[in-house]
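1. Let's see this in three dimensions:
(one chain, ligands or ions: 1)
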Amino acid sequence: MFDKIAAKYEQKRTAILPLLHIIQEKEGLISSEAEKNIAEYLDVPVVHVHEVVSFYHLFRQTPKGKYHFSICQTTACALLGSEGIIEHIKDRLGIKPGETTPDGKFSLSAVECLGACEIAPVMQGNKEYIGCLNKKKIDEIIDQNS
Ligand code: FES
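-> Alright, predicted model coming up:
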């Protein structure tokens, strides 16, 4: 499968993002072993792959909950209350950004601008963007996914 994707690019190493997406889709995260395998395949240093993985918040290096809250904490969202949203999730679930509930149902991240400032405060809940966040919306999501 890697060969088919890499063949679309003039330089094999520029296939790094689609390859990482495929691995994460399949395994749920990008492990250090996966970073090593990609580095070998693309013939680049492992540190290069690791830098890409750690730069993009969409790539996960640790297991996440079945429902993952990614709350934007950048200016527009911060001005419209994202910190209070994060505090509310912390109170409801007992986890801080970077943590997962013990039952594996929820995890929380505080992330940079999601590019949807016009509907701030914004979060990404798994793959869905949800804007104009408030505590009631968060409570509904938690109740639906508990
Ligand atoms: S500042 Fe939050 S989406 Fe841009």
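
2. Quick test: name the residue nearest the centre of the chain.
-> The centroid of the chain falls nearest to Leu58 when counting by CA atoms, centre = their mean (3.5 Å).

3. who are the neighbours in contact with that one?
-> Shown in contact with Leu58 (CB atoms under 8 Å, 6 or more residues apart in numbering): Gln24. Glycine gets a C-beta too; all of them are placed from N, C-alpha and C.

4. and this protein, what are its domains?
-> For the chain, automatic domain parsing gives the domain ranges 2-55, 67-145.

5. Just give me how far the last one sits from the chain centre.
-> Pointing back at domain 67-145 there. Taking CA atoms, centre = their mean, to the nearest Å, one finds domain 67-145 lying 12 Å from the centre of the chain it belongs to.

6. Could you report the separation of Lys135 from Ile141?
-> Distance, Lys135 to Ile141, using CB to CB, to the nearest Å: 11 Å.

7. More neighbours: these two, which one.
-> Higher neighbour count among Lys135 and Ile141: Ile141, with 19 against 15, using other CB atoms under 10 Å.

8. Turn the domains of the chain into TSV, columns for mean pLDDT.
-> Formatted as TSV, the entries for the domains of the chain read as follows, by pLDDT from 0 to 100:
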stretch	mean pLDDT
domain 2-55	93
domain 67-145	96
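
9. For the ligand, which of those is the nearest?
-> domain 67-145 (3.3 Å; CB to the nearest ligand atom).

10. near the ligand at all, that closest one?
-> Yes - remark: domain 67-145 sits within contact range of the ligand at 72, 74-77, 113-117, 120, 122, by CB under 6 Å from any ligand atom.

11. how about the helices of this protein, start to end?
-> 2-6, 16-27, 32-42, 46-55, 75-79, 82-93, 135-145 (DSSP state H).

12. which of the residues in the third one are buried?
-> Think helix 32-42. Within helix 32-42, the residues that qualify as buried are 34-35, 37-39, 41-42, counting by 16 or more other CB atoms under 10 Å.

13. who wins for most neighbours among the residues of domain 67-145 next to the ligand?
-> Within those, most neighbours by other CB under 10 Å means Cys72, with 29 neighbours.
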